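Q: Fold the following for me, if possible:
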Amino acid sequence: MNTQIWNHTQLRWHQLRCQGFVSPLATPEAVASQLIGVQAQIVPAAGLALWNRLAAFTAAELSERLYAQRSLVKLWGQRHTLHLYAREDWALLYAAQADLKSYWEREARKTGASLTELEALVSTVEALLRERDDLGRSDLRATELALDETHLSGWGGIFSILARRGLACHAQPRAGEARMAHRTRWLPEMAWDPPAVEQANLTLMKQYFATYGPATLQDFAYWRGRTLTEVRRWAVLLADELVQVQVEAQTMLALRTALPELDLVPPEAEAWPVKLLGRFDPLLLSIKDKSQLIAPEHYQRVWRPAGHIEATVLVAGRLAGTWRYERRQGGLVLTIAPFEPLSARVRQSVEAQAEGVATHFGLALVTLNWVSAKAR
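A: Next comes the predicted model:
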């Protein structure tokens, strides 16, 4: 039996469909669940990721879902970066990371130091969170606890430890300060029944390949921030559900149930969505090899120093430029910088998207600037 070989156009069309770019998903929670989290180091960028996959969505609605309805939660997730997740997925995300060691545990293992003092501090801070609606670093600094700035670090401090243990999430910021809340106060009615660690990781792996596949194990390891040794073991356990597929010259993995959808014939270029993706869009973070998304000569225009990822223009499943916005008196100013000259049809679609970005932020579009591709 001959192996079916798909091309990159089929691959891109399939992935766009699975990620909600072709047909909008139903709710912000459905988007967060389908994508297994939306990167939220920059919350407005997370709002744009949701907006791009919904029929209509505003920044005000994001705040409502996150801080009033609390149907979305902000947590440290894959790659130990902040994401928005559907509330119902919190226990799953907790379980999938429960086998990871904190910075403090790793340091103690290297140095032989005792963790007793740190555990006492963590328990005290958890008790404070249970008593109050929320806490910020300024509150902890005001206590008599023996805390230093490493304990208060946003990456490996006490709040991060409590979040990893499924005990805390981000609450609404106040006066520019990040705040944390205890799970039992933030969502007192939510059932908490995490799966076993192994099952949680297998569930996430299946969901990844359902949403972002076909992909490689290297892609999945990159997305999760886990080792190839770990993901290879999980892949063996999912051998009945994951199958090898050929995408041109590359061997990838896909869910067996997704194979019929890969056979779909993509439409002509005019029918593909044109999108203004925000910074750190999940599409750009889902795969290690970016060659299916962007030409090598343009790579450094998107993936910038210090881990910054620019907002991008998506045309026919590939990145065709970058863009930025500025809030000015009277509204929003957008600047589009295409890599190559764009067709009149694509420019018209970008202009419509720019109006949508302004509406998302509840502002008028004051100016849309085009940077000439030839000029650069």
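Q: Was I right to think Trp223 contacts Tyr212?
A: Yes - if you go by CB atoms under 8 Å, Trp223 and Tyr212 touch, sitting 7.1 Å apart. (Glycine included, C-beta is placed from N, CA and C.)
Q: can you list residues touching both of these two?
A: Common contacts of Trp223 and Tyr212, defined by CB atoms under 8 Å, 6 or more residues apart in numbering, comprise Ser286, Ile287.
Q: If you count contacts, what does the longest strand anywhere in the chain end up packed against?
A: The single longest strand within the chain, with elements called by DSSP state E, is strand 318-328. The contact analysis (3 or more CB pairs under 8 Å, 6 or more residues apart in numbering; DSSP states H and E) places strand 318-328 against helix 299-302, strand 311-315, strand 331-338.
Q: could you dump the ones you listed to CSV with distance to Glu189 and mean pLDDT?
A: Below are the helices and strands packed on strand 318-328 laid out as CSV (distance: least, CB to CB, whole Å; pLDDT from 0 to 100):
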stretch, distance to Glu189, mean pLDDT
helix 299-302, 42, 96
strand 311-315, 37, 98
strand 331-338, 38, 98
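Q: Okay, now the sheet partners of the longest strand of the chain, with direction.
A: strand 311-315 (antiparallel), strand 331-338 (antiparallel) (DSSP bridges).
Q: Name the next helix or strand following the last one along the chain.
A: This points to strand 331-338. On the C-terminal side of strand 331-338, the nearest following helix or strand under DSSP states H and E is helix 344-360.
Q: hmm, who's touching that next one?
A: Residues outside helix 344-360 that contact it (CB under 8 Å, 6+ apart): 47-48, 51, 57-59, 270, 274-276, 313, 315, 320, 325, 331-332, 334, 336, 342, 364-365, 368, 370.
Q: Please list only the buried members of the residues you listed.
A: The neighbour count (16 or more other CB atoms under 10 Å) marks 47-48, 51, 57-59, 274-276, 313, 315, 320, 325, 332, 334, 336, 342, 365, 368, 370 as buried among the contacts of helix 344-360.
Q: residues near the closest residue to Tyr67 other than its chain neighbours, how many?
A: Counting by CB to CB, 6 or more residues apart in numbering, Gln172 is the residue found nearest to Tyr67 once chain neighbours are left out, at 4.2 Å. Neighbours of Gln172 under the rule other CB atoms under 10 Å: 14.
Q: Just the element for Gln172, please.
A: Per DSSP H and E, Gln172 falls inside strand 168-174.
Q: Report the buried residues of that strand.
A: Buried, per 16+ other CB under 10 Å, within strand 168-174: Ala168, Cys169, His170, Ala171.
Q: who are the neighbours in contact with the first one?
A: Okay, so that is Ala168. Shown in contact with Ala168 (CB under 8 Å, 6+ apart): Glu126, Leu129, Phe159, Leu162, Met180, Ala181, His182, Arg183.
Q: how far away is it from Val371?
A: To Val371, Ala168 is 43 Å away according to CB to CB, to the nearest Å.
Q: ok so, going back, buried stuff in the longest strand of the chain?
A: Quick answer for strand 318-328 (16+ other CB under 10 Å): Arg318, Leu319, Ala320, Gly321, Thr322, Trp323, Tyr325.
Q: pLDDT and distance to Ala96 for those residues - can I get that in CSV?
A: Listed next are these as CSV, based on pLDDT from 0 to 100; distance: CB to CB, whole Å:
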residue, pLDDT, distance to Ala96
Arg318, 97, 31
Leu319, 98, 29
Ala320, 98, 35
Gly321, 98, 35
Thr322, 98, 33
Trp323, 98, 34
Tyr325, 97, 34
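Q: In CSV, list the contacts of Ala168 along with neighbour count and secondary structure.
A: Below are the contacts of Ala168 laid out as CSV (neighbours: other CB atoms under 10 Å; DSSP: H, G, I helix; E, B strand; the rest coil):
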residue, neighbour count, secondary structure
Glu126, 17, helix
Leu129, 24, helix
Phe159, 27, helix
Leu162, 21, helix
Met180, 25, strand
Ala181, 23, strand
His182, 24, strand
Arg183, 22, helix
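Q: Show me the two of those residues that sit farthest apart.
A: Phe159 and Arg183 (12.8 Å; CB to CB).
Q: ok now the strand holding Gln172, how far from the chain's centre?
A: 18 Å (CA atoms, centre = their mean, to the nearest Å).
Q: mind listing what it pairs with, with the direction of each?
A: Paired neighbours of strand 168-174 in the sheet (DSSP bridges): strand 177-182 (antiparallel).
Q: After the partner strand, which helix or strand is next? Please name it.
A: Following strand 177-182 toward the C-terminus (DSSP H and E): helix 183-186.
Q: Return the list of helices and strands in contact with that next one.
A: helix 116-131, strand 168-174.
Q: of those, which approaches Thr227 most closely?
A: Thr227 lies closest to helix 116-131 among the helices and strands packed on helix 183-186, at 25.4 Å (CB to CB).
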